[in-house]
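Peer 1: Just need the structure, nothing else, for what follows:
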Amino acid sequence: MADPVIDTVDRSTVGFRPRLLITGSMRCNSQASYCHGSGRGVTLEGVRERVLGPTFQPIMEDAMAKNTKRKERHQRKRHQRKRDLVRAKSVSPYRKIGKSGELVACYVNDNWQSKGFAAFYVLRHASQHGIVMGAFLVDLWCAGLKDAWGRLDITMEEFNEGVLKSEMADQVDLVRVDLGIVRRIVAGGLRFAQQNGFRLPPRYQRWTALLGDIGDWESADLEDFGVDGKLRWVGPMTDLKARLIACSADDFLSREDVDYVVGDDDFTLVDEDDIAVAEAADELNDRWLSAVRKWCFANSIKPHPRMAEALDIMLESILQAPDAEEIEDTPDAVDMDGVSGNLDRSMGILDPKDADELIAALAQLADFSEQFNSPDEMFAAIGMDELDDGA
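Peer 2: Take a look at the predicted model:
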């Protein structure tokens, strides 16, 4: 193993991760015909009541509760590449905002080039639906894009208090930065992570979509990355082992082109629990989608072509909602009012045609879900009981 490089890199800053309750309502008409039985007009309000109502709510709450128990069993998803392709082609609210949402501001720590890490915050207007924030942590010396997350609804007051006036602001100065630089470094971070054998953040595509066109990241410019032609890992071994997927940590640190500074500081925008939940949501997405399609074929129903997008938006609406225990004493519950508001908001950002099609897809999802009498029956049908048992 190579000798460690003695360095004094301070990465002990605090990320901003607010929990927001989003409310509101929006109605959208649909004439889709992908529902079980005769084709019928569908409204967002009607579908929302079905997929988030009394029948569906315990299923969703139990699903998220069960999946959070798998926090230490992080695995690469077998269908990750296929999922990436679907999301890259989808017309998501995030992509819509990235293309047409007015840019409010971009921020980064002013010492990002000398310290080897960049914490970017990007704020965009989402039409009449407020401000959306995307945050990205890029390790320029070794691991590339480490974190990507955001909030669907944030006010400037919350951003000022939670970021610009936070504990992080006492340790580093956040300064305005051009969006072009953010795009270049995030794109390079994606390539650098993949090139060096590090996992990419779960569900990163939705947040990078907020940046607009970042080009072909697999051929992105890496001029700002590395240290004198080498890699330099700075951080705890536990973090290295969690992020490195191409080889063992010992093999990685034994490479002649790798220097390291192993310490206790573990600067991150997203904690391990949130990563585990996001990964569990991806697994739930895959299995649920497969089960719905099989059910459609068994019942001679045409699977809605946008089911994958609709399910993805619904799960993100759940992940973005506050835990119900933050509002009332109901541990492991989901704040369904917050989920409902997030779903309305996401649909409202899209063009009417896209929104109508996704609402019709959600109606088909509701048809599938309503056949079950209990969450356990639902889990058995989509195979999530096997995951909960450690399969």
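Peer 1: In terms of secondary structure, what does whichever strand in the chain runs longest contact?
Peer 2: As assigned by DSSP state E, the longest strand anywhere in the chain is strand 144-154. On a contact count with 3 or more C-beta pairs under 8 Å, 6 or more residues apart in numbering; DSSP states H and E, strand 144-154 meets strand 131-139, helix 179-196, helix 204-208, helix 336-349. C-betas here are computed from N, CA, C, even on glycine.
Peer 1: Lowest average pLDDT across these?
Peer 2: Comparing mean pLDDT across the helices and strands packed on strand 144-154, the weakest is helix 336-349, with a mean of 81.
Peer 1: So which bits of the next helix or strand along the chain from it are buried?
Peer 2: Using DSSP states H and E, the helix or strand that follows helix 336-349 in sequence is helix 352-369. Neighbour-count burial for helix 352-369 flags 354-369 (criterion: 16 or more other C-beta atoms under 10 Å).
Peer 1: now swap in stretch 189-209 and tell me
Peer 2: 189-194, 196, 198-209.
Peer 1: same check, this time on stretch 294-314
Peer 2: Quick answer for stretch 294-314 (16+ other C-beta under 10 Å): 295-296, 301, 303-304, 306-314.
Peer 1: and if you look at stretch 215-226?
Peer 2: 217, 220, 224-226.
Peer 1: The protein - how does it break down into domains?
Peer 2: When the chain is parsed with automatic domain parsing, its domains come out as 41-69+273-388, 91-270.
Peer 1: weakest of the ones you listed by average pLDDT?
Peer 2: For the domains of the chain, mean pLDDT drops lowest on domain 41-69+273-388, to a mean of 76.
Peer 1: can I assume Pro201 sits in a helix?
Peer 2: No - assigned with DSSP: H, G, I helix; E, B strand; the rest coil, Pro201 falls outside any helix and is coil.
Peer 1: Now it: closest residue in space that isn't a chain neighbour?
Peer 2: Counting by C-beta to C-beta, 6 or more residues apart in numbering, Pro201 lies nearest to Ala148, which is 4.4 Å off, once chain neighbours are set aside.
Peer 1: I'd assumed Thr208 was in contact with that neighbour.
Peer 2: Yes - counting by C-beta atoms under 8 Å, Ala148 touches Thr208, with 6.3 Å between them.
Peer 1: List the neighbouring strands of the longest strand of the chain plus their orientation.
Peer 2: The strands that strand 144-154 pairs with in its sheet are strand 131-139 (antiparallel) (by DSSP bridges).
Peer 1: tilt between the partner strand and helix 179-196?
Peer 2: Counting by axes from the mean of the first three to the mean of the last three C-alpha atoms, to 10 degrees, strand 131-139 lies at 50 degrees to helix 179-196.
Peer 1: between strand 131-139 and helix 336-349, how many degrees?
Peer 2: Using the same axes, to 10 degrees: strand 131-139 against helix 336-349 is 90 degrees.
Peer 1: Restricting to C-alpha, output strand 131-139 in PDB.
Peer 2: The C-alpha coordinates for strand 131-139 follow below in PDB (Å, rounded to 0.1, in the frame of the first residue of the first chain):
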ATOM      1  CA  ILE A 131     -38.400  27.400  -6.700                       C
ATOM      2  CA  VAL A 132     -36.700  24.000  -7.200                       C
ATOM      3  CA  MET A 133     -33.200  23.400  -5.800                       C
ATOM      4  CA  GLY A 134     -30.600  20.900  -7.000                       C
ATOM      5  CA  ALA A 135     -27.500  20.200  -4.900                       C
ATOM      6  CA  PHE A 136     -24.300  18.400  -6.100                       C
ATOM      7  CA  LEU A 137     -21.200  17.300  -4.300                       C
ATOM      8  CA  VAL A 138     -18.200  16.600  -6.600                       C
ATOM      9  CA  ASP A 139     -14.900  15.200  -5.500                       C
END
